[in-house]
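**Q** The following comprises the amino acid sequence and a computationally predicted model.
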Amino acid sequence: TDQAKSRLYVKETQCPYCSVQCKMSVEELAAPVAGQKVAEYTVQGVPNKASQGRLCVKGMNAHQQVFSSERLMYPLIRRQGELEPCSWDEAMQTIADRLQQLQTTYGSDTVGVYGGGSLTNETAYLLGKFTRVALGSKYIDYNGRFCMSAAASAGSKVFGMDRGLTFPLSDIPKAACIILAGTNVAECQPTLLPYFNEAKENGTFIIVIDPRKTATAAIADLHLQVKPGKDALLADAMLKVIMDAGLADSSFVQKRTTGYEQLVQEMESLNLEQAAKACGVELDLIRQAAMAYGEAHTGMIMTARGVEQQTDGHMAVRHFLNMVLATGKIGRTGCGYGAITGQGNGQGGREHGQKADQLPGYRSIENEEDRAYIASVWGVDPTLLPGKGVSAYEMMERIYEQDIRALLVMGSNPIVSNPNVSLVEEGLRKLDFLVVADMFLSETARLADLVLPVTAYMENEGTLTNLEGRVLLREQGRSAPGETLDDWDILCRIAEKLGKGSLFQYAKAEDIFNELRIASRGGVADYYGITYERLRNEQGVYWPCPSLDEQGEGMLFHERFAHVDGKAMFTPGASQGWDDVSEAFPLILTNGRILAHYLTGVQTRRSPALAARELENFVELHPSTAARHRIRDGEWVEVQSAYGSFTVRSRIKASIREDTLFVPMHWGGIQNVNRATRPDLDPFCRMPGFKTAAVKIQPLRLV
Ligand code: SF4
């Protein structure tokens, strides 16, 4: 009976998955079953300012991965080809010996570090410091390169700074028109959907731009089923309709922007009929969407990976931002732009120095003043700080070429998440020394020489910054099991072994946060006024927050943009997008998330409730495409590009374009969609073109 159950603990924590960072309580009960005590868990949403007590199916079942029997509980070392348990002492000594030996032979930059956008702010910050100070290497980047780099670089260029949303979530129901471009919030950030449903009840006109009729498109008033790779052109076509109709806000343009004349000139040469044809969208629908947004007194545009994970993703976002600026829909209630980040700390993970070109607080590693300031915070000589490294996929190329011979991976699974997997896998196998810190034996960890077991979200303390730019404190809910350690603690211990321990003296995560506050002071992402005490008392604080008596800003740019002159920049620049299908590879492969899973699935595939919802990968294709290729629903098919192939089951749906295949990104091995994605990079932000690969498809049948 319920009375016979005994409560072990109940703790408040935060979902480890997406960028909403929903708060929840997890209660563990010991229930008597057949004379034994069996653990039972009750999970409930806890109201906070972002999620308002809601949880999706991923959050409801996140505890299952914490208690999974597959958790790594002690370090593993490879001996005679097999991974075997070892002590932390041996693991740490091995790391120090191998790294020092390789650096003595090949130089400091022979060691690389690969981080993640789900790590806490404290770990992300420390990973950057560890790489530059303890290892003295320039090679650090992280999986967030594949998540936010296009939107982040576009925001910095146009506004002078980058923060996911320029408005608080609570403003969404106040917008008269909302454009959701390449974002499927219904599956990727489900607890955001009620904000849009409330908007609809208020009469908001919602436009969804997506090659698929997604669960998010189902709530739209207008769905533009764009051809993958044509988002920039579609944004331009909409903007031209707006300008031709005289709907530009000339007062806003004049007072608060620069560069409009050049944009006007560029738009003159755009042929709307040709643009609509190239985008695969009827011109009449483009006109309807443009007029709805242009005529609305308030409006928002939000983009996500559908627009951003392209080789012109940076330009595509800039073109949408041109529409925001031309209509003056930013800096006031019910208006703004939002990049809907994907990972749990997609925002904070990009602010504190995990990126190849960045120091904490969004400072530049190539700026002498920035280098001098951070060096003073770290207590090191600025001339000893390494320079700029390379982006995540380029690190894989350096590994393949054996410029990098040792790699530390923390909070990531690069062998599944990078494009062009065959090169990545071959490169990782060539490494002289691979160390992976993870909760599970991920696909990447299986190749490692050393695997280090880390604590789960309920077992460590730290801050995460959600998609709004709201910094949230996740408190420790239970003690670390087995011999697991916090990620930051592992970095400090390695630094100690490398003789740099005096620069890594922290007793708890809060000590690191207090150093981060100082490092970020005066930077774009200024956390100086945020403390753990404030985070506990105020349910989170927005950055920028430069002093203890300031509230932080939910709404950005109401008076000034972040460029020195206070103005935003129109940034024209034609982008025709991608169009590389051929007779040999006639279809366009795109990818994305589904409701039950997160990133490469290392955690969610180990949650029985989530795995049961989607046990294996699939390819979604249109009935006509299936008929043309004689493919039946549910049968095994091979999808092949010029880079490689993968094998999945077919799922026939009329909700996708006839020229497009969609495959989720959550599986490794032969089901990994990235076996066929291409490695071409956006020239501005080095984002790979995940969303567009030319492929062919065929059924796999015994003849
Ligand atoms: Fe909330 Fe996202 Fe977790 Fe779902 S996955 S519970 S929306 S944080």
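**A** That came in fine, so what should we check first?

**Q** The residue in the stretch 151-300 of the chain that the ligand sits nearest to: what secondary structure?
**A** Residue nearest to the ligand within the stretch 151-300 of the chain: T191 (3.9 Å; Cβ to the nearest ligand atom). Heads up, the C-betas are built off the backbone N, CA and C, glycines and all. For T191, the secondary-structure state derived from DSSP: H, G, I helix; E, B strand; the rest coil is helix.

**Q** State the three-state secondary structure for whatever residue of the stretch 251-400 of the chain ends up closest to the ligand.
**A** Closest residue of the stretch 251-400 of the chain to the ligand, Cβ to the nearest ligand atom: G344 (6.9 Å). Assigned with three-state DSSP, G344 falls in the coil class.

**Q** The closest residue to it other than its chain neighbours: neighbour count?
**A** Computed as Cβ to Cβ, 6 or more residues apart in numbering, the closest residue to G344 that is not its neighbour in sequence is S118, at 4.6 Å. Residues within reach of S118, counting by other Cβ atoms under 10 Å, total 27.

**Q** can you give me the strands in the stretch 351-500 of the chain?
**A** 358-359, 363-364, 406-410, 433-438, 450-453, 462-465, 470-474 (DSSP state E, counting those that start in this stretch).

**Q** quick one: the third one to strand 433-438, angle?
**A** Just to be clear, that refers to strand 406-410. 0 degrees (axes from the mean of the first three to the mean of the last three Cα atoms, to 10 degrees).

**Q** Can you name every helix or strand that strand 406-410 contacts?
**A** Identification of packing neighbours for strand 406-410 by 3 or more Cβ pairs under 8 Å, 6 or more residues apart in numbering; DSSP states H and E yields helix 88-106, strand 111-115, strand 433-438, helix 487-497.

**Q** what helices or strands is the third one leaning on?
**A** If you count contacts as 3+ Cβ pairs under 8 Å, 6+ apart, strand 433-438 packs onto helix 88-106, strand 406-410, strand 450-453.

**Q** Recalculate using a threshold of 10 Å.
**A** With contacts taken as 3 or more Cβ pairs under 10 Å, 6 or more residues apart in numbering; DSSP states H and E, strand 433-438 sits against helix 88-106, strand 111-115, strand 406-410, strand 450-453, helix 487-497.

**Q** The longest one now?
**A** Taking 3+ Cβ pairs under 10 Å, 6+ apart as the contact definition, the neighbouring helices and strands of helix 88-106 are strand 76-79, strand 111-115, strand 406-410, strand 433-438, strand 450-453, helix 487-497.

**Q** JSON lines for the ones you listed, including mean pLDDT, mean neighbour count and distance to the ligand?
**A** As requested, the helices and strands packed on helix 88-106 are exported to JSON lines (pLDDT from 0 to 100; neighbours: other Cβ atoms under 10 Å; distance: least, Cβ to the nearest ligand atom, whole Å):
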{"stretch": "strand 76-79", "mean pLDDT": "98", "mean neighbour count": "16", "distance to the ligand": "29"}
{"stretch": "strand 111-115", "mean pLDDT": "98", "mean neighbour count": "28", "distance to the ligand": "20"}
{"stretch": "strand 406-410", "mean pLDDT": "98", "mean neighbour count": "27", "distance to the ligand": "21"}
{"stretch": "strand 433-438", "mean pLDDT": "98", "mean neighbour count": "24", "distance to the ligand": "19"}
{"stretch": "strand 450-453", "mean pLDDT": "98", "mean neighbour count": "26", "distance to the ligand": "23"}
{"stretch": "helix 487-497", "mean pLDDT": "98", "mean neighbour count": "22", "distance to the ligand": "20"}
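
**Q** Columns distance to I178 on top of the ones you listed, output as JSON lines?
**A** Below are the helices and strands packed on helix 88-106 laid out as JSON lines (distance: least, Cβ to Cβ, whole Å):
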{"stretch": "strand 76-79", "distance to I178": "48"}
{"stretch": "strand 111-115", "distance to I178": "33"}
{"stretch": "strand 406-410", "distance to I178": "37"}
{"stretch": "strand 433-438", "distance to I178": "38"}
{"stretch": "strand 450-453", "distance to I178": "43"}
{"stretch": "helix 487-497", "distance to I178": "37"}
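
**Q** check contacts around the residue in the stretch 451-600 of the chain that the ligand sits nearest to.
**A** Per Cβ to the nearest ligand atom, Y598 is where the stretch 451-600 of the chain lies closest to the ligand, at 6.8 Å. The contact partners of Y598, taken as Cβ atoms under 10 Å, 6 or more residues apart in numbering, are 15-18, 58, 62, 65, 118, 188, 342-344, 604-605, 607, 610, 666.

**Q** same thing with Y528?
**A** Taking Cβ under 10 Å, 6+ apart, we find Y528 in contact with 361, 516-522, 543-548, 550.

**Q** what about it, which SS state?
**A** coil.

**Q** Which strands and helices lie in contact with the helix or strand hosting P32?
**A** Take DSSP states H and E as the rule and P32 turns out to sit in strand 23-33. Under the contact definition 3+ Cβ pairs under 10 Å, 6+ apart, strand 23-33 sits against strand 6-14, strand 36-45, helix 57-60, helix 63-66.

**Q** if you set the cut-off to 8 Å instead, what comes out?
**A** When contacts are defined as 3+ Cβ pairs under 8 Å, 6+ apart, strand 23-33 packs onto strand 6-14, strand 36-45.

**Q** So what's the gap between it and the chain middle?
**A** Centroid separation for strand 23-33 versus its chain: 31 Å, with Cα atoms, centre = their mean, to the nearest Å.

**Q** Can you list the strands that it pairs with?
**A** Strand 23-33 has its sheet partners listed here by DSSP bridges as strand 6-14 (antiparallel), strand 36-45 (antiparallel).

**Q** rank the ones you listed by pLDDT, which is bottom?
**A** Least confidently modelled of those is strand 6-14, at a mean of 75 by mean pLDDT.

**Q** just the helices in the stretch 301-450 of the chain please.
**A** Along the stretch 301-450 of the chain, the stretches classed as helices by DSSP state H, counting those that start in this stretch are 305-308, 313-326, 368-378, 392-400, 414-417, 421-430.

**Q** For the residue of the chain found nearest the ligand, give me the pLDDT.
**A** With Cβ to the nearest ligand atom as the measure, G59 is the residue of the chain nearest to the ligand, at 2.4 Å. For G59, the pLDDT comes out at 95.

**Q** And this protein, what are its domain boundaries?
**A** Annotated domains of the chain cover 6-66, 149-340, 587-699 [automatic domain parsing].

**Q** which one of those domains is the most hemmed in?
**A** domain 149-340 (a mean of 22; mean count of other Cβ atoms under 10 Å).

**Q** so how far is that domain off the chain centroid?
**A** Distance, stretch centre to chain centre, for domain 149-340: 20 Å (Cα atoms, centre = their mean).

**Q** same thing with stretch 78-89?
**A** Computed by Cα atoms, centre = their mean, the separation of stretch 78-89 from the middle of its chain amounts to 32 Å.

**Q** Just the C-alphas of that stretch, formatted as PDB.
**A** Extracted in PDB, the C-alpha atoms of stretch 78-89 (Å, rounded to 0.1, in the frame of the first residue of the first chain):
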ATOM      1  CA  ARG A  78      42.100   0.300 -22.000                       C
ATOM      2  CA  ARG A  79      44.500  -2.600 -21.500                       C
ATOM      3  CA  GLN A  80      45.200  -5.000 -24.400                       C
ATOM      4  CA  GLY A  81      42.300  -3.600 -26.300                       C
ATOM      5  CA  GLU A  82      39.700  -3.900 -23.600                       C
ATOM      6  CA  LEU A  83      38.300  -1.300 -21.200                       C
ATOM      7  CA  GLU A  84      38.900  -2.300 -17.600                       C
ATOM      8  CA  PRO A  85      38.200  -0.700 -14.200                       C
ATOM      9  CA  CYS A  86      41.000   1.400 -12.700                       C
ATOM     10  CA  SER A  87      41.400   3.800  -9.800                       C
ATOM     11  CA  TRP A  88      41.100   7.600 -10.100                       C
ATOM     12  CA  ASP A  89      44.800   7.800  -9.200                       C
END
